[in-house]
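Peer 1: please work out how this folds:
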Amino acid sequence: MSERLFVLMQHLMPKLAITRAMGALASQSDGPLSRWMIRRFAARYGVNMAEAAEPDLARYSSFNDFFTRALRADARPLADAALVCPVDGAISQFGRIDGDQIFQAKGHAYSTTALLGGDAALAREFEGGSFATIYLSPRDYHRIHMPCDGRLLRMIYVPGALFSVNPATARGVPGLFARNERVVCLFESDAGPFVLVLVGATIVGSMATVWHGVVNPPRHDAIQSWDYADRRIVLKQGEEMGRFLLGSTVVLLFPEQPLRFNADWAPAHAVRMGERMADRP
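Peer 2: This next block holds a predicted model:
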């Protein structure tokens, strides 16, 4: 199928209805269908169960339990770096934020203000800063971890579309990551603020954080915001901060400051949680 046709089909398909149906199916427990789905998925995508904390597929009560499986404690050692990669996946793009424009793919960029749900004041904190966008494929580990120590300040749920977020869609849908449903998490670190955005997609049943639990569903029509400034929610580098129930993308934003990304990083390059993402010279 051509990329043009693939993108056109996404404009026409009932993405929300499909997502709701798949979310309900994935949450069913201890049935022959869920067990079949788990076995079929693991075989189809070559999931490495040897690194899972529970390697026995039969022990997972639902597809969601399997999909958000924990890894062995030694499976993802942390690099000695200022910022470590928060997920397993593949690099979509990374680099400098050009004013308030984030590069998506050839011919496409979007604004930090749009990504952050229209919060222009928050977006200004990241003008001229750095970003990294990482795509999680179906076979990847789907828990999200902290790139560095951080204290949670705010969480914002932004309603939106549910386009696929794979590379073909990123090339074909303008402003993709600022159009899809997303959860924006703002942290304060010793080096200043940073944002970690969980981007939803077709079939992504829900997104969750460790401090809130499942954020969606329910899916709201308006932006929802939670203020944590008066609480001390601190997560250490490498700690889990959230998870996707079915895969998607994370976008990280850092303010304007010296930041040197891993020299091995390049678009489409596979990455693993805990590897060196960037250092501050």
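Peer 1: surely F41 and N64 touch.
Peer 2: No - using CB atoms under 8 Å, F41 makes no contact with N64, being 11.6 Å away. Any C-beta I mention is one placed from the backbone N, CA and C, and that applies to glycine too.
Peer 1: mind listing what's buried in the strand or helix carrying L198?
Peer 2: L198 is part of strand 192-199, with elements assigned from DSSP states H and E. For strand 192-199, the neighbour count (16 or more other CB atoms under 10 Å) marks 193-199 as buried.
Peer 1: of the residues you listed, just say which sits nearest to G160.
Peer 2: For the buried residues of strand 192-199, the closest approach to G160 (CB to CB) belongs to V199, at 8.8 Å.
Peer 1: tell me how far the closest one lies from D149.
Peer 2: Distance of V199 to D149, given as CB to CB, to the nearest Å: 24 Å.
Peer 1: enumerate every residue touching R40.
Peer 2: When contacts are counted by CB atoms under 8 Å, 6 or more residues apart in numbering, R40 is found next to no other residue.
Peer 1: returning to what we had before: with just CA atoms, put the strand holding L198 into CSV.
Peer 2: Extracted in CSV, the C-alpha atoms of strand 192-199 (Å, rounded to 0.1, in the frame of the first residue of the first chain):
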residue,chain,number,x,y,z
GLY,A,192,15.6,23.6,34.7
PRO,A,193,12.2,22.5,33.4
PHE,A,194,11.5,19.7,30.9
VAL,A,195,8.4,18.2,29.4
LEU,A,196,7.6,14.7,28.5
VAL,A,197,4.6,14.3,26.2
LEU,A,198,2.7,11.0,25.8
VAL,A,199,1.1,11.0,22.4
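Peer 1: how far off centre is it?
Peer 2: Centroid separation for strand 192-199 versus its chain: 10 Å, with CA atoms, centre = their mean, to the nearest Å.
Peer 1: same check on stretch 126-141?
Peer 2: On CA atoms, centre = their mean, the centre of stretch 126-141 falls 7 Å from that of its chain.
Peer 1: just the terminal-to-terminal distance for stretch 248-268.
Peer 2: End-to-end distance of stretch 248-268 (CA to CA, to the nearest Å): 15 Å.
Peer 1: go through it and flag the buried ones.
Peer 2: For stretch 248-268, a neighbour-count test (16+ other CB under 10 Å) marks 248-255, 259, 261-262, 265 as buried.
Peer 1: ok, and what's touching stretch 192-199?
Peer 2: When contacts are defined by CB under 8 Å, 6+ apart, stretch 192-199 is touched by residues 86, 115-116, 122, 125-126, 144, 147-148, 150, 153, 165, 177, 180-187, 207, 241-242, 244, 248-255, 257.
Peer 1: which of those residues fall within helices?
Peer 2: Within the contacts of stretch 192-199, residues falling in helices by DSSP state H are 115, 122, 177.
Peer 1: is A161 in contact with R179, as I believe?
Peer 2: Yes - between A161 and R179 there is a contact at 5.0 Å, judged by CB under 8 Å.
Peer 1: settle it for me: which of F41 and N64 has more neighbours?
Peer 2: N64 (22 against 16; other CB atoms under 10 Å).
Peer 1: so which elements touch the helix or strand hosting the more buried one?
Peer 2: Here N64 sits within helix 63-67, counting by DSSP H and E. Under the contact criterion of 3 or more CB pairs under 8 Å, 6 or more residues apart in numbering; DSSP states H and E, helix 63-67 touches helix 15-27, helix 32-45.
Peer 1: would you single out the least confident of the ones you listed?
Peer 2: Lowest mean pLDDT within the helices and strands packed on helix 63-67: helix 15-27, a mean of 52.
Peer 1: now render the ones in helices among the contacts of stretch 192-199 as CSV, adding pLDDT and neighbour count.
Peer 2: CSV is the format used below for those (pLDDT from 0 to 100; neighbours: other CB atoms under 10 Å):
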residue, pLDDT, neighbour count
L115, 96, 27
L122, 97, 21
F177, 88, 26
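Peer 1: from the residues you listed, pick the one nearest R35.
Peer 2: Nearest to R35 among the ones in helices among the contacts of stretch 192-199, with distances taken as CB to CB, is F177, at 34.5 Å.
Peer 1: count the neighbours of the residue nearest to K236 when sequence neighbours are not counted for me.
Peer 2: Counting by CB to CB, 6 or more residues apart in numbering, the nearest residue to K236 once its immediate chain neighbours are dropped is D149, at 5.4 Å. For D149, the neighbour count with other CB under 10 Å is 16.
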